[in-house]
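Participant: The following block contains a protein sequence and its predicted model.
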Amino acid sequence: ADTLHRLVMDLHKALNRLAAGCAEATIAGAHVFGLRPVARDAVESFMRGLNETRPLKFDHPGLDTMATRAGERLIIQN
């Protein structure tokens, strides 16, 4: 049965695939683009913490991560 929630989830998956296809690199499993070298450590730290909790998601899809920057800010979307 189609629901608004299902539509939102399907659109979110499509956006994640699109963003992953635009990635310049992968850092510890995160698709990244437009990052400066100093941001690498922050992304690796974030992913380390995320991966420690990965078993808690059980069989729920998700935990795709993208990192980029907006001006001087590091943006991490999970």
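Facilitator: That came through fine. Numbering: from 1, shown residues only.

Participant: Quick check, pLDDT for residue 45.
Facilitator: On pLDDT, residue 45 comes in at 95.

Participant: again with residue 62
Facilitator: At residue 62, pLDDT is 66.

Participant: Confirm residue 64 sits in a strand?
Facilitator: No - with DSSP: H, G, I helix; E, B strand; the rest coil as the criterion, residue 64 is coil rather than part of a strand.

Participant: ok, and the closest non-adjacent residue to it?
Facilitator: residue 16 (4.8 Å; CB to CB, 6 or more residues apart in numbering). C-beta: built from backbone N, CA, C; applies to glycine.

Participant: as a whole number, average confidence for whichever strand or helix holds the one you found?
Facilitator: According to DSSP states H and E, residue 16 maps onto helix 4-21. For helix 4-21, the mean pLDDT works out to 86.

Participant: Tell me which residues of that helix come out buried.
Facilitator: Neighbour counts over helix 4-21 (16 or more other CB atoms under 10 Å) mark residue 16 as buried.

Participant: same check, this time on stretch 24-43
Facilitator: The neighbour-count check on stretch 24-43 (16+ other CB under 10 Å) flags 27, 28, 30, 31, 32, 35, 39, 43 as buried.

Participant: With residue 44 as the reference, measure out to the residue nearest the centre of the chain.
Facilitator: Centroid-nearest residue in the chain: residue 65, 1.2 Å away (criterion: CA atoms, centre = their mean). Distance, residue 65 to residue 44, using CB to CB, to the nearest Å: 11 Å.
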